[in-house]
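Peer 1: Here you go, sequence then predicted model.
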Amino acid sequence: MKGGKVAAGIKSFFGSVGGVFKNFGTAVAKGDLFVKLSMLVMGAGYIRRKQIIKGILVTLLEAGVIAFTVLFAPQYVSKFGTLGTVVRESVFNMTTMKNEYNDYDNSFLILLMSLVSFVVWAAFLAFYIFNMISVYNLQKAAKEGKHINSFREDIQELLNKKFHITLLFLPVMGILLFTVVPLLVMILVAFTNYDQNHMPPGSLFTWTGLTNFINLFGGGGLTVTFGYAFVRVLAWTLVWAFFSTLTTYIGGILLSLLINNRKTKLPKMWRTLFIITIAVPQFVSLLLVKHFFADNGIFNSFCEAIGLTEALYNAGIISNMSIPFLTSPGWVHVMIILINIWVGVPYQMLIATGVLMNIPGEQLESARIDGATPRQIFRHITMPYMLFVTGPALVTDFVKNINNFNVIYLLTSTYVTTNQALANSQAKETDLLVTWLFTLTQDYYNYKMASAIGIVVFVICAVFTLVAFNRMIRGDREEMFR
């Protein structure tokens with residue numbers, strides 16, 4: 001069933017794309033002289049239908065793209081295959097009697113500007129196709145005697161009937177410039193050797209194919225690869241994302257049920273106390289907790305005072321006279337999840353409180369009349385309703401926790417690994433994929449491997465999101481709760 005929906009979606013997508021090209025072909029084949037002339041001068045069809053301003057603007061846009069293609073793009077696109085061959089060198093200029101740099105190549109600039117050129121050309125190609133369809137539609141409208149809008153009427157439509165297009169224009173451009181282009185740059189960098197040893201403008205980097213991915217997944221036959229670290233960091237990332245999401249979600253629901261129970265005294269006071277953790281900035285809370293659980297922190301002092309530290313030492317559970325809450329593998333993993341419960345449960349409590357207030361009272365009353373116990377009501381009514389309403393937020397929380405930089409970094413930034421194999425790959429036991437990526441770029445300038453890891457993170461999040469949402473929204477589950 002699910003495979004059929006996916007196949008239908010793919011078929012629909014390609015059908016839509018095919019329809020656009022079919023309409024373009026029809027416009028080229030059946031268009032009049034001015035429609036065909038629009039293939040060379042894009043505004044010709046509009047000028048023929050007395051849309052003079054629109055025709056001039058479209059023609060100016062075409063001229064701008066042509067100028068961009070002739071004057072700007074070639075100097076970068078021509079070198080895209082090699083990412084540059086001329087290394088920067090200091091040359092003594094006999095005329096000025098000064099040392100000057102030669103006309104060197106910058107690999108990153110070549111990569112970026114070539115990509116910008118490809119994006120501009122792709123966007124212009126799409127605009128060109130739709131422009132041909134548009135002028136052909138104007139021809140048909142004129143032939144049928146229909147009214148053709150003036151430029152002022154087109155503007156009025158964009159502010160009224162088609163206002164949704166006007167509102168979406170800036171967000172779409174923002175996504176294209178600040179999300180799509182950087183994402184494409186990251187993808188391309190993953191197929192190069194861009195690192196500290198190949199850092200523009202002092203030196204060049206070039207294409208290396210799938211080498212970085214082979215090394216990341218443990219292949220390549222190299223003495224030191226990232227494969228060992230990748231498996232362990234990926235495993236901890238998924239474990240962390242699962243338990244941090246599950247514990248805060250269930251904890252928030254249970255806390256909300258407890259506070260809103262009729263037998264609970266002073267519910268507003270309890271709710272306020274838990275909300276205080278939200279009022280305090282998270283980074284402040286996490287840094288304080290980090291010091292509380294340090295080897296010489298408050299909790300270690302307390303454990304030593306009551307004799308717990310000595311008991312654990314004598315039992316061989318710890319090797320020093322301090323409990324390594326945040327400094328030893330195993331201990332640190334458990335502590336991170338426990339601390340995250342304290343930080344994250346209040347948010348989920350507020351969400352759960354709002355949802356629980358909207359559970360149909362008739363269902364709860366009917367269940368009680370039928371003799372259902374509180375546990376049965378929670379299992380068969382409360383939780384299914386919560387999962388139905390908050391399911392998308394739960395998926396979002398899981399993906400957010402995969403990329404939860406704050407909690408991990410602020411609690412473990414001073415953690416030092418004793419695992420040399422991990423250290424060789426600039427990783428440590430507490431790293432998520434995102435914090436490992438940060439370390440590789442911020443401290444070691446290993447952009448090639450960081451980009452490869454970034455692609456892996458994107459694929460994991462995208463696949464999980466698509467599968468989870470597809471399962472949650474299938475069928476008409478809303479009828480169950482009416």
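Peer 2: Yep, it's here.

Peer 1: Please parse the protein into its domains.
Peer 2: Per automatic domain parsing, the structural domains of the chain span 19-209, 227-481.

Peer 1: Mean pLDDT lowest where, among the ones you listed?
Peer 2: Comparing mean pLDDT across the domains of the chain, the weakest is domain 227-481, with a mean of 87.

Peer 1: Can you list the buried residues in stretch 355-375?
Peer 2: Within stretch 355-375, the residues scored as buried using 16 or more other Cβ atoms under 10 Å are 355-356, 359, 363, 367, 372. Every C-beta, even on glycine, is put in place using the N, C-alpha and C of the backbone.

Peer 1: And the helix or strand where residue 253 lies, what's buried?
Peer 2: Under the criterion DSSP states H and E, the helix or strand holding residue 253 is helix 227-259. Buried residues in helix 227-259, defined by neighbour count with 16+ other Cβ under 10 Å: 227-230, 232-234, 236-238, 240-241, 243-245, 247-253, 255-257, 259.

Peer 1: correct me, but residue 325 touches residue 298?
Peer 2: No - counting by Cβ atoms under 8 Å, residue 325 sits too far from residue 298 to count as a contact (10.9 Å).

Peer 1: These two: who's more crowded?
Peer 2: residue 325 (24 against 12; other Cβ atoms under 10 Å).

Peer 1: Spit out the contact partners of the residue nearest to that one when sequence neighbours are not counted.
Peer 2: Distances taken as Cβ to Cβ, 6 or more residues apart in numbering place residue 293 nearest to residue 325, at 3.9 Å, with adjacent residues excluded. Residue 293 makes contact with 299-300, 325-326, 335, 339 under the criterion Cβ atoms under 8 Å, 6 or more residues apart in numbering.

Peer 1: Try it again at 7 Å.
Peer 2: When the contact criterion is Cβ atoms under 7 Å, 6 or more residues apart in numbering, the partners of residue 293 are 299, 325-326, 335.

Peer 1: could you dump those residues to TSV with secondary structure?
Peer 2: TSV is the format used below for those (DSSP: H, G, I helix; E, B strand; the rest coil):
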residue	secondary structure
299	helix
325	coil
326	coil
335	helix
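
Peer 1: Need the residues that contact the helix or strand that comes right after the helix holding residue 253.
Peer 2: As assigned by DSSP H and E, the chain's next helix or strand after helix 227-259 is helix 267-279. Counting by Cβ under 7 Å, 6+ apart, the neighbours of helix 267-279 from elsewhere in the structure are 255, 259-260, 285, 342-343, 346-347, 349.

Peer 1: ranges for the strands of the protein?
Peer 2: Per DSSP state E, the chain carries strands over the ranges 90-93, 98-101.

Peer 1: Distance from the chain centre to the first one, please.
Peer 2: Computed by Cα atoms, centre = their mean, to the nearest Å, the chain-centroid distance of strand 90-93 equals 46 Å.

Peer 1: Also the last one?
Peer 2: Its chain's C-alpha centre lies 44 Å from the corresponding centre of strand 98-101 when counted by Cα atoms, centre = their mean.

Peer 1: ok, residue 398 - contacts?
Peer 2: Going by Cβ under 7 Å, 6+ apart, residue 398 touches 241, 245, 464.

Peer 1: of these, closest to residue 117?
Peer 2: Ranked by distance to residue 117 (Cβ to Cβ), the contacts of residue 398 are led by residue 464 at 34.0 Å.

Peer 1: List the contacts of that closest one.
Peer 2: With contacts defined as Cβ under 7 Å, 6+ apart, the neighbours of residue 464 are 398-399.

Peer 1: try residue 455
Peer 2: Counting by Cβ under 7 Å, 6+ apart, residue 455 touches 187, 190.

Peer 1: What separation do you get for it and residue 396?
Peer 2: In this view, residue 455 and residue 396 are 21 Å apart by Cβ to Cβ, to the nearest Å.

Peer 1: cool, and residue 462?
Peer 2: In this structure, residue 462 lies at 13 Å from residue 396, with Cβ to Cβ as the measure.
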